[in-house]
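Chemist: sequence and predicted structure are below.
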Amino acid sequence: MVGLGKVKNSEIPENLEELIEQEKRSLAKEYFTDAWSEVQIENLGTELVAEVFIKETIDRLASERGNEEASRLIAHIKELDEMGILSSSHTLQ
């Protein structure tokens, strides 16, 4: 196996976890963009689909990882809203 030697700690970027997280977010956004494009092509109604996406995300997270994880996600979304990261014209109640 050529080129698969041991990696020295000095060769690993200090922000490797951050880079991995950025890549995961980028890929997730790409998946979402593709799905959203399909929604628009099918003319399903973006508000309806957004509501279903959110509900299904919370339900599946609760089912796979427990209600506590789903609650954490909801709290995190509320925090993002309070910090102004979400669009200010769509403030959560």
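Modeler: Everything's here; your move. None of the values given here were measured: they were computed from a predicted structure.
Chemist: element containing residue 48, please.
Modeler: If you go by DSSP states H and E, residue 48 is part of helix 46-65.
Chemist: which elements pack onto that helix?
Modeler: Judged by 3 or more CB pairs under 8 Å, 6 or more residues apart in numbering; DSSP states H and E, the packing partners of helix 46-65 are helix 16-42, helix 67-82. Backbone N, C-alpha and C define where each C-beta goes, glycine included.
Chemist: in that helix, what's buried?
Modeler: 49, 58, 61 (16 or more other CB atoms under 10 Å).
Chemist: and these, which is closest to residue 41?
Modeler: Closest approach between the buried residues of helix 46-65 and residue 41, by CB to CB: residue 49, at 11.7 Å.
Chemist: quick one, what contacts that closest one?
Modeler: Residues counted as contacts of residue 49 (CB atoms under 8 Å, 6 or more residues apart in numbering) are 36, 39.
Chemist: rewinding a little: how about the helices and strands packed on helix 46-65 in a markdown table, adding mean pLDDT?
Modeler: Shown next, in a markdown table, are the helices and strands packed on helix 46-65 (pLDDT from 0 to 100):
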| stretch | mean pLDDT |
| --- | --- |
| helix 16-42 | 94 |
| helix 67-82 | 94 |
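Chemist: out of those helices, deepest packed?
Modeler: Mean neighbour count, computed with mean count of other CB atoms under 10 Å, is highest for helix 67-82 among these, reaching a mean of 13.
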